[in-house]
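Q: Predicted coordinates and the sequence they were generated for:
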Amino acid sequence: MSRKSLLIALIVVGVVAGLVSSLHRLAVEDRNRRVETVVDYPDALGLALADGQPLDQTLDTLRAAGITSLALWEDPLDNLRLNGAMAVQAITPKLTRLTFSPNFPGQQQRVTESLTNKTRVTFTSTANTVMVNAPYSEISLLGVGLDPTQIDIAVRHRFYICPRLYNYAGVNPAAISWMLNTVKQQCRNRATVLIFLGPDVLGNRAQLNATAQGLEDTGLKYGSVEFGKQIGDEDLSESAADRTVRVHSIGGNEMPTMDEPTAVGRYVLGTRERNIRVAYIRLFLTSYTGEPDILVANVKYIGEVVRGLHDGGLSIGPAHPFRQDPKPGIALRLLLALGVAGGVILLKSRFIGINDRIYVPIFVAIMVLCVALAIPSHTELGREGLALLAAISFPSIGMLTLSLPRPDQPPASRWKAVELALRRYEWATMWTVAGIVMVVGLLADRLFMLKVYEFAGIRIAVILPILVTLLYYGLGLGDMDDRAVWRDRKARMVQRWSEFQVSPMLIGQVLLGMVALAIIIVIVLRSGNDPGVGVSSTELSFRSLLNKILFVRPRTKELLFAHPILVMGLAFAFAGKRKWLLLFLIVGAIGQSSLLNTFCHIHTPLIISLLRGGIGWTLGAIIGIVLYALLTRREATEETIKSVEAQ
């Protein structure tokens, strides 16, 4: 077996292993298609007051519209005073009397149980009075659990309940266990996803393991709020991954400036494209458009969200976590490592050759490195390292093995050039897809799917294939025979570099280079899980239009820029016009690295990434052919005019 055949065999092994791991992830995602729709109890009450309807009637309307659950907030102790259920009197600076109204049954028991289980404060309780040995300011913000009246209302109207509890200073494992068990008992088996209130999750920081254990014991799920930035969220999501679901909500401060279509789009795209399984729907209580009746307006708005979920293949009901973890075992990891190693070595051979004596030590070193990265099972860093190597190598190989026309090759006919360009476009993408399969297989992991872990190498994986393509063709290696040894390749690179150093630099070339550099910088900054550069309002409008026309919006830079330019540039090259070929290849490398980058966002369902990449790739090729046809037609017209004028 030749050296090249061995590398291809290793890559095929890696691709097969990646497919097995990817299919496992796809099956796990397919079994997690249910979305819970939630509104705040205070929002529902506010809607009833604004519309002048009884709360019971409003709740029935919301449930019929598609809301499955009510979010009930834990009361701070002082809420009982504000609601008239309790009166407060300071007897001394360190003694407080709490007097409970008989018109609010059960409130005194709530308070005494919370004081007993959540604090070390001593107290005495009689008839309707509790004497607390602490100033009121020290206990006024103590959470005293969910309001039994609100629970009764939620259960009566057949809603599920999302409890919202506060963390507090001095929390301990016993208190955490009591709080979660109390919630479970209060909610009568209708409690689903626990979403914490305030800046931190329950138990942060030292008691998160107790919170995770409490979730396991009670069967409650943990709602990790997207963009919520609660302290302790990542740690709790990791330790309770088998009980964690992702939640999307619009901030209360955003709602006054939000319009209904934007809000609907946020919830629908989040659930469909980011594995959101709890849509925490904020109601329009102060502003709405096109409908004077506030209740009718909100019912229409909720209906649009629910319809969008159904159109995305999702069902409505209590959310559940990913019940299995598709993380690849040691056997798959080792096979994937062999495939990645084959790709890295093949890429190296494009620069150093495959027949030189330096090849063997490089082969051994890369194989040992990749296998070493695959072995650890307790950390994701090894798999991320392999994924990064695959993300760099395979799009680069596709761009470096295009079999471009040589300068002395006769030009092809107009449409034959298109055919040859499309074949090279497919060839480059085939290699990129091999890298995609390995990256997806390596990063198939519940924690990546929940976005607890994020692929740290995204930006590097975007920029390096572009630079590799520039170096390879810029240094003249693209014109060399595959069998050329390192000595000849080195001589060619030195020669091309020397020519570059003494060649004159034109102002147009400088400006073009600056524009290209700026484009690359923007693309890199806008890559990754949290882009560093925002999106203009014009592009947002264009994205919204694509979302309406297509089931999944392709990436703009692939659809309208990189893919069309590569197809058009290759067609021109085969037609004998090679002047800007290097620039076209660099732009094409942007498209291939971006295509792979799409699949590095593991929290996006795999089927969505497949549709996004496939739609962009197909339409991009069509646009490239149209551009080529228009430009060649224009050239033909201009030549005809010149011929007529010459006669």
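A: Received it, and whenever you're ready, just let me know what you need. The structure presented is a predicted model; accordingly, all values stated were derived computationally and were not measured.

Q: hey, let's count contacts and neighbours off CA atoms from now on
A: Noted.

Q: Next, the contact list for the nearest residue to residue 457 once chain neighbours are set aside, please.
A: With CA to CA, 6 or more residues apart in numbering as the criterion, residue 457 has its nearest non-adjacent residue at 5.8 Å, and that residue is residue 388. Residue 388 makes contact with 439, 457-458, 460-461 under the criterion CA atoms under 8 Å, 6 or more residues apart in numbering.

Q: Poorly predicted segments of this protein, please.
A: The chain contains residues with pLDDT under 70 at 1, 287, 505-506, 508-544, 635-647.

Q: Can you show me the strands along it?
A: 34-40, 69-73, 86-92, 95-100, 123-126, 129-132, 160-164, 193-194, 221-225, 244-249, 276-280, 315-316 (DSSP state E).

Q: Turn the ones you listed into a markdown table, including distance to residue 353 and mean neighbour count.
A: Formatted as a markdown table, these follow (distance: least, CA to CA, whole Å; neighbours: other CA atoms under 10 Å):
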| stretch | distance to residue 353 | mean neighbour count |
| --- | --- | --- |
| strand 34-40 | 53 | 24 |
| strand 69-73 | 63 | 26 |
| strand 86-92 | 84 | 15 |
| strand 95-100 | 84 | 20 |
| strand 123-126 | 83 | 12 |
| strand 129-132 | 82 | 19 |
| strand 160-164 | 62 | 26 |
| strand 193-194 | 57 | 26 |
| strand 221-225 | 50 | 25 |
| strand 244-249 | 48 | 26 |
| strand 276-280 | 48 | 27 |
| strand 315-316 | 55 | 17 |
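
Q: out of these, nearest to residue 611?
A: Evaluated with CA to CA, the strands of the chain place strand 276-280 nearest to residue 611, the distance being 18.4 Å.

Q: orientation of the closest one relative to strand 160-164 in degrees?
A: Here strand 276-280 runs at an angle of 80 degrees relative to strand 160-164 (axes from the mean of the first three to the mean of the last three CA atoms, to 10 degrees).

Q: Could you spell out the sheet neighbours of strand 276-280, each with its direction?
A: Here strand 276-280 has these sheet partners by DSSP bridges: strand 34-40 (parallel), strand 244-249 (parallel).

Q: Could I get the contacting residues of the closest residue to residue 58 other than its chain neighbours?
A: In this structure, residue 58 finds its nearest non-sequential neighbour in residue 48, 5.7 Å apart by CA to CA, 6+ apart. Applying CA under 8 Å, 6+ apart, we find residue 48 in contact with 54-55, 58, 295.

Q: So which of those residues wins on neighbours?
A: Using other CA atoms under 10 Å as the neighbour test, the contacts of residue 48 are led by residue 295, with 22 neighbours.

Q: What residues does residue 240 make contact with?
A: Contacts for residue 240 (CA under 8 Å, 6+ apart) come out as 212, 215-216, 222.

Q: try it again with 7 Å
A: If a contact means CA atoms under 7 Å, 6 or more residues apart in numbering, then residue 240 has residue 212 as its contacts.

Q: Distance of it relative to residue 75?
A: 26 Å (CA to CA, to the nearest Å).

Q: just checking, residue 247 touches residue 277?
A: Yes: using CA atoms under 7 Å, residue 247 is in contact with residue 277, at 6.2 Å.

Q: what's stretch 307-319 in contact with?
A: So stretch 307-319 is contacted by 33-36, 68, 192, 268, 272, 277-278 (CA under 7 Å, 6+ apart).

Q: which one of those residues is nearest residue 500?
A: Checking the contacts of stretch 307-319 against residue 500 with CA to CA, the nearest one is residue 272 at 50.1 Å.

Q: residues contacting that closest one?
A: Taking CA under 7 Å, 6+ apart, one finds residue 312 in contact with residue 272.

Q: separation between it and residue 551?
A: Taken as CA to CA, the span from residue 272 to residue 551 is 11 Å.

Q: I'd say residue 21 and residue 443 touch.
A: No: the criterion here is CA under 7 Å, and residue 21 misses it with residue 443 at 9.0 Å.

Q: Number of residues surrounding residue 206?
A: Residue 206 has 11 neighbours, counted by other CA under 10 Å.

Q: When residue 21 and residue 443 are compared, which one has more neighbours?
A: Using other CA under 10 Å, the more surrounded residue of residue 21 and residue 443 is residue 443, with 30 against 26.

Q: before we move on, back to that, can you put the strands paired with strand 276-280 in TSV and add distance to residue 174?
A: Output for the strands paired with strand 276-280, formatted as TSV (distance: least, CA to CA, whole Å):
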stretch	distance to residue 174
strand 34-40	29
strand 244-249	22
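
Q: got the domain boundaries for the protein?
A: Using automatic domain parsing, the domains assigned to the chain come out as 33-74+145-316, 75-144, 380-642.

Q: nearest to residue 325, of the ones you listed?
A: For residue 325, the closest of the domains of the chain is domain 380-642, at 5.1 Å, according to CA to CA.

Q: and the closest one, how far from the chain's centre?
A: What separates the centre of domain 380-642 from the centre of its chain is 22 Å, taken as CA atoms, centre = their mean, to the nearest Å.

Q: what about residue 173, how many neighbours?
A: The number of residues packed near residue 173 is 17, by other CA under 10 Å.

Q: does it really touch residue 210, like I thought?
A: Yes: if you go by CA under 7 Å, residue 173 and residue 210 touch, sitting 5.3 Å apart.

Q: Tell me which residues of stretch 355-367 come out buried.
A: For stretch 355-367, the buried set under the neighbour-count rule, 16 or more other CA atoms under 10 Å, comprises 355, 359, 363, 366-367.

Q: Could you export those as JSON lines, including distance to residue 142?
A: Output for those, formatted as JSON lines (distance: CA to CA, whole Å):
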{"residue": "355", "distance to residue 142": "74"}
{"residue": "359", "distance to residue 142": "69"}
{"residue": "363", "distance to residue 142": "64"}
{"residue": "366", "distance to residue 142": "59"}
{"residue": "367", "distance to residue 142": "59"}
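
Q: would you list every one of the helices in the stretch 51-200 of the chain?
A: Using DSSP state H, counting those that start in this stretch, the helices of the stretch 51-200 of the chain run over 55-65, 77-82, 107-118, 136-139, 148-156, 173-186.

Q: same question but for the stretch 451-600 of the chain, I mixed them up
A: Assigned by DSSP H, counting those that start in this stretch, the helices in the stretch 451-600 of the chain fall at 458-474, 486-502, 507-525, 537-549, 556-557, 563-574, 581-598.

Q: if we take the contacts of residue 48, which one ends up nearest to residue 577?
A: residue 295 (64.2 Å).

Q: Quick check: that closest one vs residue 283, distance?
A: Distance, residue 295 to residue 283, using CA to CA: 10 Å.

Q: what sits in contact with each of the two?
A: Joint contacts of residue 295 and residue 283 (CA under 7 Å, 6+ apart) do not exist.

Q: what about the helix ranked longest in the chain, distance to the chain center?
A: Counting residues, the longest helix found in the chain (DSSP state H) is helix 606-646. Mean-position distance between helix 606-646 and its chain equals 32 Å (CA atoms, centre = their mean).

Q: same question, stretch 188-199
A: Distance, stretch centre to chain centre, for stretch 188-199: 24 Å (CA atoms, centre = their mean).
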